[in-house]
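>>> sequence first, then the predicted structure, then my questions.
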Amino acid sequence: MGFLAGYLAAQLRILLRSRSTLFWVVVFPLIMTLLFTSLWGKPATPKIDLGLVVEDEHTAIVEGIVRGINATPMVDDLIVLDSREELLEQLRAPPPRGVDVGIVVPQGFSRNISTGRQACLELLYLDTPSSWTNTSLAIARGIVDELSRRIREHFLEAALRYTPQQYRPYVVALAEPVKVRVEPVEPETAVTEAQVKAWIALSMAVVEALFIGLLVGATSFHEEKRLGMLPALLSSPLGSWSLLAARLLTALLYTGIASAVAIAAGALAGAEYSASPAAVAVAAAMIALATLFSASIGLVISGLAKRQEAAEAMANAVAFPLMFIGGIWVPKWMLPPLLQRLAEVLPVSRMADAARAVIVYGQGPGEALAEHTPPTVLAATAVFLAIGVLLYRRLLEKSIEHPG
């Protein structure tokens with residue numbers, strides 16, 4: 001135990017002195033968590049800049065339309081223009097355009113509305129094959145449809161006062177042949193802004209487990225060799241097992257620090273966590289297991305690489321793609337079907353799911369473990385760790401047989 005404590009204390013001193021290690025363990029999770037909680041932490045609501053041209057007289061009806069558009073949450077900016085030509089100029093301008101879509105209120109609109117006749121509005125948009133163009137047009141159509149619905153209700157109410165009782169259903173059907181009832185369905189798990197930020201923070205903790213485990217495992221043999229510590233460590237009576245345990249504990253220590261930074265940064269950004277002791281214990285165990293699994297892959301890399309620089313490059317070559325395509329940093333539902341299947345069998349991804357389930361969504365620890373970490377995941381972790389340990393032991397034995 002004295003050796004392990006002294007080794008970890010030495011690793012902490014190295015962490016504080018090494019700028020690169022300090023960056024990846026402390027600064028990187030802090031910056032990434034704060035950055036992505038600010039970018040992705042708010043639910044995305046599309047908003048448009050809408051241009052409005054009023055060719056009609058500025059009546060109470062027109063003023064009501066302007067007030068209604070201003071109150072629409074999907075309109076970011078209502079720009080009142082003087083002429084149709086100015087609206088066309090704004091629509092045809094290169095990005096960023098002045099307006100996304102335009103509405104023209106032609107002459108006679110208020111007169112037709114006030115006398116019970118059909119009135120006309122014009123929608124102008126840039127005819128380009130763009131998803132944003134379609135979105136902008138759909139939002140503008142929704143605004144016009146809502147205006148039409150309210151006017152129709154007003155006309156219908158007035159007409160029904162003068163319609164005999166037996167004919168009223170036919171008048172209602174004539175005004176609105178198909179009535180649509182819109183009923184929201186409450187989701188089983190509502191995703192709030194605070195939960196999105198918590199999801200990002202937990203994901204950052206697992207990303208750190210992935211990177212730190214891989215890098216510590218991949219450089220475990222080469223770093224001691226480079227620093228000249230290997231002969232002294234191998235000649236000590238503690239044996240190679242203590243050295244291996246010290247390296248794995250170093251990975252867990254660094255991951256613990258990085259995870260604490262990511263979770264604290266998430267809380268600073270407004271994340272809310274389920275902080276029951278059982279949930280925290282499960283999340284900590286999952287992050288620790290993810291670190292050990294990553295370290296086992298790193299130990300395999302250590303046996304394949306001839307130098308520390310090559311081991312670091314190979315570890316990064318594994319970690320960076322897995323971060324994005326393994327369902328760790330990018331939600332699984334955003335991935336193509338093939339990558340979704342990969343994420344389902346990748347132990348680190350399943351461990352991330354379990355940690356997020358208990359901390360972000362408040363799922364019961366037993367239920368989360370049963371759903372996200374089946375025995376196959378734990379077995380795969382144990383197998384990879386055993387392979388990594390055997391290769392690491394083989395490296396140490398070869399270094400004893402051939403000290404140079």
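That came in fine, so what should we check first? Quick caveat: nothing in here was measured; it's all calculated off a predicted structure.

>>> who are the contact partners of the closest residue to L88 other than its chain neighbours?
Nearest residue to L88, sequence neighbours excluded (Cβ to Cβ, 6 or more residues apart in numbering): L124, at 7.1 Å. Backbone N, C-alpha and C define where each C-beta goes, glycine included. Neighbour list for L124: 51, 84, 87-88, 91, 101-104 [criterion: Cβ atoms under 8 Å, 6 or more residues apart in numbering].

>>> before we move on, what about L339?
So L339 contacts 325-327 (Cβ under 8 Å, 6+ apart).

>>> what about the lengthiest helix in the chain, average pLDDT?
Taking DSSP state H as the criterion, the chain has its longest helix at helix 193-226. Predicted confidence along helix 193-226 averages 87 (mean pLDDT).

>>> which helices and strands does that helix pack with?
The helices and strands touching helix 193-226, judged by 3 or more Cβ pairs under 8 Å, 6 or more residues apart in numbering; DSSP states H and E, are helix 28-40, helix 230-235, helix 239-269, helix 277-304, helix 308-325, helix 347-359, helix 375-401.

>>> quick one on the thing from earlier: so the residue nearest to L88 bridges to which residues?
Note on L124: beta-bridge partners by DSSP bridges are G102.

>>> low-confidence ranges, the stretch 201-350 of the chain, go.
221-241 (pLDDT under 70).

>>> quick check on the contacts of L339: which are buried?
325-327 (16 or more other Cβ atoms under 10 Å).

>>> nearest to L174, of the helices and strands packed on helix 193-226?
When those are compared by Cβ to Cβ, helix 28-40 sits nearest L174, at 48.2 Å.

>>> ok so, going back, for A175, find the nearest of the helices and strands packed on helix 193-226.
Nearest to A175, of all these, is helix 28-40, at 44.3 Å by Cβ to Cβ.

>>> after the closest one, which helix or strand is next? Please name it.
Per DSSP states H and E, the first helix or strand lying C-terminal to helix 28-40 is strand 48-54.

>>> against which helices or strands is that following strand packed?
Identification of packing neighbours for strand 48-54 by 3+ Cβ pairs under 8 Å, 6+ apart yields helix 60-70, strand 75-81, helix 84-92, strand 101-105, helix 131-160.

>>> that strand: how far from the chain's middle?
A distance of 33 Å separates the centroid of the chain from that of strand 48-54, by Cα atoms, centre = their mean, to the nearest Å.

>>> kindly report the same for stretch 55-64.
Worked out by Cα atoms, centre = their mean, stretch 55-64 lies 45 Å from the chain centre.

>>> dump the helices and strands packed on strand 48-54 to CSV, plus mean neighbour count and distance to V300.
Formatted as CSV, the helices and strands packed on strand 48-54 follow (neighbours: other Cβ atoms under 10 Å; distance: least, Cβ to Cβ, whole Å):
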stretch, mean neighbour count, distance to V300
helix 60-70, 15, 62
strand 75-81, 16, 52
helix 84-92, 16, 58
strand 101-105, 23, 56
helix 131-160, 14, 44
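
>>> can you add mean pLDDT and distance to A382 and give these back as CSV?
What follows is the helices and strands packed on strand 48-54, written out as CSV (pLDDT from 0 to 100; distance: least, Cβ to Cβ, whole Å):
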stretch, mean pLDDT, distance to A382
helix 60-70, 90, 62
strand 75-81, 92, 54
helix 84-92, 92, 62
strand 101-105, 94, 58
helix 131-160, 89, 46
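
>>> for these, which one sits closest to V348?
V348 lies closest, by Cβ to Cβ, to one member of the helices and strands packed on strand 48-54: helix 131-160, at 33.4 Å.

>>> what's the angle from the closest one to strand 101-105?
Angle of helix 131-160 versus strand 101-105, following axes from the mean of the first three to the mean of the last three Cα atoms, to 10 degrees, is 30 degrees.
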